[in-house]
Structure formats: structure tokens, C-alpha cells
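Enquirer: Show me how the following folds:
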Amino acid sequence: MKFTFRTWESPSQVLSEKADAVVIPVLDADVGVDPVLGAIDGQLSGYLRQAISDEQFAAKATQSLSFHTQGKLGATRLTLLGASKPTGVVQSDVKLWTARAIRSLPSTAKVLTLCLRGVSAADSAAAGQSVAAGARLVTYQFDKYMSGDRKKRSALEEVIVLLPPEASTEAAAAGAQRGQIIADGVCLTRDLVNEQPTEMCPRRLAEVATDLAQRLGLGCTVLGVKECEALGMGMFLGVGRGSVEEPRFIHLTYKPATTPRKKVALIGKSVTFDSGGLSIKTTEGMLWMKMDMGGGAAVLGAISALAQLQCPDEVHVLLAAAENMPSGNSYKLGDVLRGMSGKTVEINNTDAEGRLTLADAMTYAVDKLGVDEIIDLATLTGSSMVALGSTTAALFSNNDSLATRIIDASTKTGDDLWRMPLRDRLFDSLKSDIADMKNSGDRYGGSISAALFLREFIGDKVWAHIDMAGPVHAEKDVGYTPKGASGYGAALLVELLAPRQ
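Expert: Predicted coordinates for the structure are as follows:
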């Protein structure tokens, strides 16, 4: 898709721009006074103001107004999008406006003109990034297994972005390049999570990581069962014991050209299918469990963009990839597993498996890599969804500075999250009579007790845990996210580690 950025010196330029549609986000304060809308209304002989009145368009975020221009404008169709913002433009807003603009188009539309106001020179790169990312993400489709009419790719070929005179088209174009790189990382994440689980097994996930490393010049190590046994990864291997697909431990390394600012481990839960093991899930509970490797997919999508954007940090991506399946060889309730750290865990729920795989990956990051920060992403608990709903992730951290940086990044990317407390007293529910701890607490505060379990394996490192069980997938098309895998977390990590300068 091509992105063209131009500034308009007068509202009349918007009237003459040739396109299949011109889309204008409208702030609620601008409905009656905006000069662009005034110029359009004059060209349409008062029809626009009449339509705004008749349709009671008040620029609310849920409103839009669209009609054919009857040849009186350069664009065939005109659409007003309610923006419902008092002042200014925020990066995540522009991404959403772009997605809404594209969703409003006829299926045959090839050229879209998007008219943005309120974009300053300082905002230009962010606006360009958001437009490109929003366009790429909203036109994404996982159609590998579709045929015939269901395989409908977007016809859109070009987005022309009209910016106010004070904006910088050069900065916007540079931002668009960055936006496409980040969006490609998010789409890689979506592809991996949407893939059928028999295909996206640990072996295949390791092949994807190896191919990515070769393409981007990353270091890559893939450990099999024997190598993991030698490291003492008894918890990780216990989870994968019941499957005919052997576990793989995947380690990707990105190193900047200059001395790294710090060394970071990104750890993604990579249970490629979670049946619950012997604590087997219901059919409904198991239906979307191919997405239980959403954290691993997110860190792969993130490092693909970080490498291209020349992240200043040394980044290690770790995926303890396994299937959690029931069989005669499955780990059992009552088993005691010893992890790489030497700590022992009594199993009281084989469906609380993700924390076991993450714990050995965290120990690897601490003991073998000596990282400064550990950030893990995991579809870990249903409790996080009970607390925060299906679109907001739960953030836990032992460091206020890191937590603040993650929250700031999330406001820019739209990866919604909320910081949750680490209440030490809830660790009592993990106490075991025969081992160092149990792998699951009681039903109350489940996302917190899971985070407390993970905290036992980070040593003295700065750490954040993002429980993304809810936002890993979307129940329906919304904004720039189609139904299915959302790609949550990939853009967030990129914004955190390689923010736009």
C-alpha cells in the first residue's frame, strides 16, 4: 500500500483531491466552525450542513456520516468520522481513525484521502506512523484456509494524507515507514496465533524463529529435550511430557551495532496448544487454546521490528514452547517438579502450566544471560479477565519505573493494560506441605498469585509480567483489530524498547 503525504494551504485543496473517498475526522468542537467543512458545504450548496442537522451528527466517537458527492467534489464519496476529542491529536487516535476510514470504504475503493487537522510539525512523524500502522492492521486477513468469495483482500492501493500547513510531510513519510515495520511485526504475531495448532506446534515455532533469525541477522539457539534436561528444566519439560510433539526451547538474540544501553529478556508464554492436561478443559474452554502461545508470538513479532528499527538495547527473546496434552505420559496431579533454579513445585492443577514453562525460561535469563530487565507476556489466567474484562491486560511489576514506562508505551500503541498489585499475603495459597510451593492457589486473586509464583524465579532483576489472556484475541472486528488474533503486545514492546526519536 502506498502512502502519500501533502499539506493543504487552503480548504479548497480538500475539495479538489481526486479519490474514491475523502474521510475527515471531526472533533466535537469543530462541527459548526471548521473551515474545511464550511468549504465543502459551500461546494455542495448547503447539503452538508443539512445532512449534519438531519442525521444529528455531533461528532461522537460512535458516529459517522457518509454520502455520495454527485461529482461536486474531487472525491466520489465524503465521510465524516466522529472523533469526540476536545483538542489535539493522540497517536492511538489517528491509528483508529485510519482504520475506521478504511472500514467505511466501498469494497472496490482503491484511493482514500484522509484529511487530518491538529497535526503539528512535532506530531507529524507520529501521525504518519499511525496512519500506516492503522491501514496495515485493519486490512489484515488470515485467509490461508479460505477459498472462493471468502478470500477478499482489500482493493485499497493508496492512502493520501492531507496535513495542515504547519505539519512536516518528510517526517510523516518517515513515520509511515516505521509504522509499516511495526505493523508487519503485529501481523506476524497474528499469523502465528491464528495458525491451526497442529501446524503451529513447538517444532514449527522453532522453524519460524530460525527463519526470522536468518533473515534479520539474529543469533538463534534451539534446544531439544536432552539439552533442556541437562539444564535442569524439569518444570518446562514436565508440561510437554504428555504430547507426541517434543518441546523446544528457543532463544533469539539481537545486538545493536553500538554498546547496548541495557540487556533485556523478552519471555513469551509459548504453549502452542493447551488442553489443560489431565486437568482437562471443557470443549468451550479449549476452543481458543491455540492462542495460548500469544505471548511467544508477540515477542517474535516485537524482535522482528526491533531489529529493523535498530533498537539500542541488547534483546534476548525466550520461548519455552510445548504442548500441554493428556496421555499416559502426562505429568500428574501430586507430582513434584524441580525447575532449573533448583526450586520444587507440587502440581495441584495441570492446567496451571504456563507459569511452569515461564519459570524455567526466567531462570535461564537470570543464570545464563545476566539480563538487566525481564519482561514476560503470557495468556496466563482467566482471573485477569474476571478483574479487567476481555480487552485489558493485567500488568504486574517489582519496579515502578519500568511499570510507568510500559504504561506510557501502551497509551501510544493502544495495547490497553492496567497495573495490578503484588499482594504478598496471597502467596500463602501457594504453600505446599511437600515442596517449595504449589503451582496454583485458590480461586480468589488468581492472577496475583500467578504473578507471585513467577516472582520467585527472577532473583534481583527488574521485572514486569503482562497477563494478556483477554486481549490476545478479539471476539469481533473492532477498530483496527479483526476478529481472531489481535497481535497484542508486539507494538507495545517496540514502543517500550525503541521509541520514536
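Enquirer: While we're on the nearest residue to Val22 once chain neighbours are set aside, how confident is the model there?
Expert: Sequence neighbours aside, Ala75 is the residue nearest to Val22 in space, at 3.8 Å (criterion: C-beta to C-beta, 6 or more residues apart in numbering). Quick note: C-beta positions are derived from backbone N, CA and C, even for glycine. We note a pLDDT of 94 for Ala75 in this prediction.
Enquirer: can you tell me which residues contact the closest residue to Arg419 other than its chain neighbours?
Expert: Nearest residue to Arg419, sequence neighbours excluded (C-beta to C-beta, 6+ apart): Leu395, at 4.6 Å. Leu395 makes contact with 403, 406-407, 417-420, 464-467 under the criterion C-beta atoms under 8 Å, 6 or more residues apart in numbering.
Enquirer: Now intersect those with the helices, please.
Expert: The members of these that map onto helices under DSSP state H are 403, 406-407.
Enquirer: Can you say which of those are buried?
Expert: By neighbour count, with 16 or more other C-beta atoms under 10 Å, those hold 403, 406 as buried.
Enquirer: ok so, going back, burial of the residue nearest to Val22, as a residue count?
Expert: The number of residues packed near Ala75 is 25, by other C-beta atoms under 10 Å.
Enquirer: Also the one 5 residues further on?
Expert: Applying other C-beta under 10 Å, we find 26 other residues in the vicinity of Leu80.
Enquirer: I'd like the next helix or strand past the host helix or strand of it.
Expert: Leu80 is part of strand 75-82, with elements assigned from DSSP states H and E. Sequence-wise, the next helix or strand downstream of strand 75-82 (DSSP H and E) is helix 91-103.
Enquirer: what's next to the helix or strand following that following helix, contact-wise?
Expert: For helix 91-103, the following helix or strand on the C-terminal side (DSSP H and E) is strand 111-115. Outside strand 111-115, the residues within contact range by C-beta under 8 Å, 6+ apart are 8, 14, 17-25, 36, 75, 97-98, 101-102, 105, 131, 156-162.
Enquirer: returning to what we had before: any idea how far Ala409 is from the residue nearest to Arg419?
Expert: For Leu395, the distance to Ala409 (C-beta to C-beta, to the nearest Å) stands at 11 Å.
Enquirer: Can you mark which positions in the helix or strand of the chain with the lowest mean pLDDT are buried?
Expert: Lowest mean confidence among the helices and strands of the chain (mean pLDDT, DSSP states H and E): helix 12-16, at a mean of 85. Residues of helix 12-16 classed as buried: 13-15 (neighbour count, 16+ other C-beta under 10 Å).
Enquirer: Which single one of those residues is nearest to Glu284?
Expert: Nearest to Glu284, judged by C-beta to C-beta, of the buried residues of helix 12-16 is Val14 at 50.0 Å.
Enquirer: quick one: contacts for the closest one?
Expert: 8, 22, 24, 36, 39-40, 113, 115, 162.
Enquirer: So Val317: helix, strand or coil?
Expert: strand (DSSP: H, G, I helix; E, B strand; the rest coil).
Enquirer: So what's the residue count around it?
Expert: Val317: 28 neighbours (other C-beta under 10 Å).
Enquirer: beta partners for it?
Expert: In this entry, Val317 is beta-bridged to Leu252, Leu266, by DSSP bridges.
Enquirer: Going by neighbour count, list what's buried in stretch 333-340.
Expert: Those would be 335, 337-340, for stretch 333-340 by 16+ other C-beta under 10 Å.
Enquirer: Would you confirm that Gly459 belongs to a helix?
Expert: No: counting by three-state DSSP, Gly459 is not found in a helix; it is coil.
Enquirer: so it touches Val366, yeah?
Expert: Yes: under the criterion of C-beta atoms under 8 Å, Gly459 makes contact with Val366 at 4.8 Å.
Enquirer: Neighbour count for these two, which is higher?
Expert: Val366 (20 against 14).
Enquirer: Surely that one is in a helix?
Expert: Yes: using three-state DSSP, the assignment for Val366 is a helix.
Enquirer: so who does it touch?
Expert: 374, 457-459, 461.
Enquirer: all strands for the stretch 401-501 of the chain, in order.
Expert: For the stretch 401-501 of the chain, strands defined by DSSP state E, counting those that start in this stretch occupy the ranges 417-419, 437-438, 462-467, 473-474, 484-485.
Enquirer: Out of these, which is closest to Ala206?
Expert: That would be strand 484-485 among the strands of the stretch 401-501 of the chain, by C-beta to C-beta, at 19.6 Å.
Enquirer: returning to that earlier point: I'd like the strands of the stretch 401-501 of the chain laid out as a markdown table, including mean neighbour count.
Expert: Compiled in a markdown table, these are given as follows (neighbours: other C-beta atoms under 10 Å):
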| stretch | mean neighbour count |
| --- | --- |
| strand 417-419 | 18 |
| strand 437-438 | 20 |
| strand 462-467 | 26 |
| strand 473-474 | 20 |
| strand 484-485 | 22 |
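Enquirer: can I get those in JSON lines with distance to Arg136 and mean pLDDT?
Expert: Formatted as JSON lines, the strands of the stretch 401-501 of the chain follow (distance: least, C-beta to C-beta, whole Å; pLDDT from 0 to 100):
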{"stretch": "strand 417-419", "distance to Arg136": "22", "mean pLDDT": "98"}
{"stretch": "strand 437-438", "distance to Arg136": "44", "mean pLDDT": "98"}
{"stretch": "strand 462-467", "distance to Arg136": "23", "mean pLDDT": "98"}
{"stretch": "strand 473-474", "distance to Arg136": "16", "mean pLDDT": "96"}
{"stretch": "strand 484-485", "distance to Arg136": "15", "mean pLDDT": "96"}
